[in-house]
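> give me the fold of what follows.
(2 chains)
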Amino acid sequence: MDRLLYVSSVGLNNIEQAQAIRANNLANASTNGFRADLARVMSTEVQGDGYRGRVYGVNDTAGVDLSYGSRIATGNDLDVAINGDGLFAVALPDGREGYSRDGSFQIDNAGMLLTQEGFPVLGTGGPIALPPFESILFGADGSITVRPQGQGPDALVQIDRLRLVNPTADQVRKDSTGALVAAEEGVTQLPPDEAVTVVSGFVESSNVNAIHELTEIMSLARQFELEVRMMKTAETNDEAASTLLRIG
Amino acid sequence: MNSALWVSKTGLSAQDTALRAISNNLANVGTVGFKKDKTVFEDLVYQINQQPGAQATQDATLPSGVQLGTGVRVASTQKEFSIGSIQTTERSLDMAIEGRGFFQVTLPDGTVGYTRAGGFTLDQDGQIVTAQGYVLEPAITVPQGSTDITVGSDGTVSVTNAGTTTQVGNIQLADFVNATGLEAIGGNLFRETVASGAALQSAPGQNGLGQIGQGRLEASNVSVVEEMVNMVATQRAYEMNARVVSTADQMLQYIAQNL
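This next block holds a predicted model:
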């Protein structure tokens, strides 16, 4: 059997995986704060004796795309978007710190500031607890001011400040829950960055570029057909070889 | 089978749910006291086919692994309690809450329901009731023969009967730490849940609650333009996910026919 068949079948698998990554990006084109996954294929030569003609493609998620999504005005006091680079810090259930661009916050019955997934949003001193308030304001540097219930506008209370970080794309990766975490093994926290600013009343949409993803999907589909064509050629070659062996 | 098929299927069903919430908002654009729903999406768990940071050789680690997302789901539909526009009706039993708070009504099962729809009427006993006939809590009875009903901004209800004015009761409002956590039960009514926290009662205008505006109604807070834009975005997202399904289908078809 010609090994061409195996090279192509690995190619088919890679295309299917890349297709799944693209499809997941497109499925999350309306998920606020979602960061697109990148896909790439590395060529890996098979080591050993003989003719060095077997180079397999090995799939590799090249991390996440940290470019910006578009900002949508909601007018909601609990919606916060980050200006430029930066991420919000949240407490993941396993104790690690997660990072997100989704600033569509909510509060629970105890006044804890939570993300839509229900993870506590972190301030400089851990999870943020808010007293019953009439109005809330997020300052540009992430500081939170509330007007407590039943108090006048002269009784504003500063609660905490959002913990904002600004890692480079290679310092974060997605874990299996879809949250961004520190990429380096053993690191649970990234240092805060004072320069990150926020604006309230806006949410940031997903940064998935639907046109790009759809084009990639089309191009992958054509590549898939090419691979199948190669497998077909391998089959024809094989048939030709067996005809040679036929006697008479 | 091609996993892109299943991933796109989650996209299709999530957009479908979003469209349903949008159509419900649009259908209730004229419902007094209606609060719009917002659909919130979140990405599903990732399958890790190759762990990032794993050992590639004895002295090299893989810079990044293979992580495949599995799609999207609707995390929640959230009620947005922003205040709708106030319409003047001049009807004496129309009341709008100008700020935070909910009217309390007694539901048929004896529990208390909460509503922002202030279009009240009187029942055969003279009690102030909602359009569905649920009695306002605390119950206020307007005596027969009353000619004029006045509701003060602090909730005091007084009536004029044969030239004399008497107070017949006080409207109490309820407030919640997390109003978004209330359970919508239809009929413009909400029920208290663990997520919303317990109801905090006080008189209108006290403790941060809104005052009562007599002769006014609070319209729904649905913005038609916003819903239309959301509808366009949802429809296009739906179409693109459908496109991925058909592409994955064509790929499978091609391999099945050509190998």
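> make it CA atoms for all contacts and neighbour counts henceforth
Will do.
> where does chain B get nearest to chain A, which residue?
Nearest to chain A in chain B, going by C-alpha to the nearest C-alpha, is B:Asn207, at a distance of 3.7 Å.
> Three-state assignment for the residue nearest to that residue when sequence neighbours are not counted, please.
In space, and not counting its chain neighbours, B:Asn207 is closest to A:Gly150: 3.7 Å by C-alpha to C-alpha, 6 or more residues apart in numbering or on different chains. Following DSSP: H, G, I helix; E, B strand; the rest coil, the label given to A:Gly150 is coil.
> per-residue pLDDT, A:Gly150?
pLDDT recorded at A:Gly150 is 78.
> pretty sure it sits against B:Gln206.
Yes: judged on C-alpha atoms under 8 Å, A:Gly150 makes contact with B:Gln206 at a distance of 6.7 Å.
> how many residues are close by residue 153?
Reading this off chain A. By other C-alpha atoms under 10 Å in any protein chain shown, the residues close to A:Pro153 number 11.
> please refer instead to chain B.
By other C-alpha under 10 Å, 20 other residues sit near B:Ser153.
> got the contact list for it?
Listed by C-alpha atoms under 8 Å, 6 or more residues apart in numbering or on different chains, the contact set of B:Ser153 reads B:204-205, B:211-214.
> same deal with B:Ser3?
A:16-17, A:20.
> pLDDT value on it, please?
At B:Ser3, the pLDDT value in this model is 84.
> next one: the one 10 residues further on
On the pLDDT scale, B:Ser13 is placed at 93.
> now, the contacts of B:Ser3 that are in helices?
Assigned to helices by DSSP state H, the following of the contacts of B:Ser3 qualify: A:16-17, A:20.
> ok, and of the residues you listed, which contact chain B?
A:16-17, A:20 (C-alpha under 8 Å from any C-alpha of the partner chain).
> in the stretch 101-250 of chain B, which spans are helices?
Assigned by DSSP state H, counting those that start in this stretch, the helices in the stretch 101-250 of chain B fall at B:224-258.
> spell out which residues of it are next to chain A.
Within the stretch 101-250 of chain B, the positions adjacent to chain A are B:177-178, B:181, B:194-197, B:206-209, B:234, B:237, B:240-241, B:244, B:247-248 by C-alpha under 8 Å from any C-alpha.
> now with 7 Å?
B:177-178, B:195-197, B:206-208, B:237, B:241, B:244, B:247 (C-alpha under 7 Å from any C-alpha of the partner chain).
> picking that back up, what is the neighbour count of the residue of chain B closest to chain A?
Neighbour tally, B:Asn207, other C-alpha under 10 Å: 18.
> same thing with B:Thr164?
Close neighbours of B:Thr164, defined as other C-alpha under 10 Å, add up to 8.
> specify the beta-bridge partners of the spatially most central residue of chain B.
The residue lying closest to the centre of chain B (C-alpha atoms, centre = their mean) is B:Lys79, at 2.5 Å. Taking DSSP bridges as the rule, B:Lys79 bridges to B:Asp37.
> quick one: residues contacting it.
B:35-38, B:180 (C-alpha atoms under 7 Å, 6 or more residues apart in numbering or on different chains).
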